[in-house]
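*Asks:* quick one, what's the 3D model for this:
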Amino acid sequence: MWWQRKYSRETPSELLKIAEKTGLNGNELVRSSKLSAKVDNTAVQDGFQLYLHSFILSNDGDWAVVQQGMSNNSSTARRYHWHSENLKSFVEEPHTGICGINQGQILNLTSNDAKVTRASMLGITEESPTRMLAEIQKLVMPHHHEVKAKDVDLKRLGSILWLAQEKKPSDFEALLLLDGMGPRTLQSMALVSEVIYGTPSRFSDPARYSFAHGGKDGHPFPVPINVYDETISVLQKAVEKAKIGNNDKQQAIKSLHQIAKNAEKDFLPNMNFDNLIEKERAESWKYGGRTVFGKEKPPKDEQLKLF
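*Replies:* Just a heads-up that it's a prediction; the model follows:
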């Protein structure tokens, strides 16, 4: 995966080249690319390290980001989706979707509930670094408290505080883009803000499990090619038959998205998830199920029936 990381790092220079040819704001595009990566690798600490970053750009300057992270512990992947049209903030609920298994409570500084914590962390940068480090070193943390001395890298935190004094970040986005601001340092700042200001540092994981069309690696089940093709066909015909302009088409898709979101709020699953996954895998061959390893085959007893 090193080669994927290598090409992902070339995205800023590629965007600047495109901007020169098209007249788009290259600096703004590069900032969007860097911030989306910083958010998913640093502000959302779910145990998945980014190794793939794809920036998709339209002629009009609209963009989408699809990036993927890998967990060394579970050897599973997680995918993060962004779209400029739906983006209101880079640091508050910015994603159009996150596909992966929910990890429960994580350090998710993009959560709506993290607004106070983000403000507290910015507050730390406004204080004198010398004074802040002296106060942090005085902290006596009880054994039962989740914040432990080893969780706060004072050397790294100190260098960031000095840098913040020089560059004076005006908002949380600018703080994320400071040189050297990696996941460990941001975690330290979040833990320190929790102790000093009493703000929580753990929030719910925004990931949603990818279920509709499976995965090419066979998880949660093989991609049902027949269903996949039929879904695309139905959506395409529905939009074309409506005979509406491009703007109305976009509005129609947005409406579908909103309906799905509203339905999801009231949906309570009443089935055993593991049994459902097992059923999907067992019947995958019926729907043209396929993974990177090839086509899914029916169970032996079903093969006998076919002959």
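
*Asks:* for the stretch 1-150 of the chain, what spans make up the helices?
*Replies:* 2-8, 11-22, 26-38, 115-126, 129-138 (DSSP state H, counting those that start in this stretch).

*Asks:* angle of the strand or helix carrying residue 191 against helix 26-38?
*Replies:* Using DSSP states H and E, residue 191 sits in helix 183-197. Put simply, helix 183-197 runs at 80 degrees to helix 26-38, going by axes from the mean of the first three to the mean of the last three C-alpha atoms, to 10 degrees.

*Asks:* now helix 183-197: mean pLDDT?
*Replies:* Per-residue pLDDT over helix 183-197 has a mean of 85.

*Asks:* about what we covered before: got the helices of the stretch 1-150 of the chain as TSV, with distance to residue 173 columns?
*Replies:* All C-beta atoms are positioned from the backbone trio N, CA, C, and that covers glycine. Listed next are these as TSV, based on distance: least, C-beta to C-beta, whole Å:
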stretch	distance to residue 173
helix 2-8	20
helix 11-22	16
helix 26-38	6
helix 115-126	10
helix 129-138	21
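
*Asks:* which stretches in the stretch 151-300 of the chain count as strands?
*Replies:* With strands called from DSSP state E, counting those that start in this stretch, the stretch 151-300 of the chain shows them at 203-204, 223-224, 289-291, 294-295.

*Asks:* out of these, which one sits most buried?
*Replies:* strand 223-224 (a mean of 22; mean count of other C-beta atoms under 10 Å).

*Asks:* which other helices and strands does that one contact?
*Replies:* strand 289-291 (3 or more C-beta pairs under 8 Å, 6 or more residues apart in numbering; DSSP states H and E).

*Asks:* the strand it packs on packs against which elements?
*Replies:* Here strand 289-291 touches strand 223-224, going by 3+ C-beta pairs under 8 Å, 6+ apart.

*Asks:* coming back round to it: I'd like to know which of the strands of the stretch 151-300 of the chain lies nearest to residue 104.
*Replies:* The closest of the strands of the stretch 151-300 of the chain to residue 104 is strand 203-204. By C-beta to C-beta, the value is 7.4 Å.

*Asks:* contact partners of the closest one?
*Replies:* For strand 203-204, contacts defined as C-beta atoms under 8 Å, 6 or more residues apart in numbering pick out 104-109, 111, 113-114.

*Asks:* please apply the same query to stretch 23-39.
*Replies:* 8, 11-12, 15-16, 18-20, 50, 53, 55, 57, 61, 63, 65, 67, 80, 82, 84, 90-91, 94, 110, 173, 176-177, 181.

*Asks:* what mean pLDDT does stretch 84-99 get?
*Replies:* In this model, stretch 84-99 has a mean pLDDT of 93.

*Asks:* just stretch 225-245 next, same as before
*Replies:* What stretch 225-245 shows for mean pLDDT is 64.

*Asks:* low-confidence ranges, the stretch 51-200 of the chain, go.
*Replies:* 138-153 (pLDDT under 70).

*Asks:* thinking again about what came up before, tabulate the contacts of strand 203-204 (a markdown table), appending distance to residue 131.
*Replies:* Below are those laid out as a markdown table (distance: C-beta to C-beta, whole Å):
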| residue | distance to residue 131 |
| --- | --- |
| 104 | 36 |
| 105 | 31 |
| 106 | 31 |
| 107 | 25 |
| 108 | 29 |
| 109 | 24 |
| 111 | 29 |
| 113 | 29 |
| 114 | 25 |
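
*Asks:* any idea which of those residues is closest to residue 287?
*Replies:* residue 104 (31.8 Å).

*Asks:* pretty sure the closest one sits against residue 202.
*Replies:* No. Between residue 104 and residue 202 there is no contact under C-beta atoms under 8 Å: 9.1 Å.

*Asks:* looking at those two, which one has more neighbours?
*Replies:* residue 202 (16 against 9; other C-beta atoms under 10 Å).

*Asks:* which residues does the nearest residue to the more buried one once chain neighbours are set aside contact?
*Replies:* Once flanking residues are discounted, residue 202 sits nearest to residue 105: 4.5 Å by C-beta to C-beta, 6 or more residues apart in numbering. Residues counted as contacts of residue 105 (C-beta under 8 Å, 6+ apart) are 202-205.
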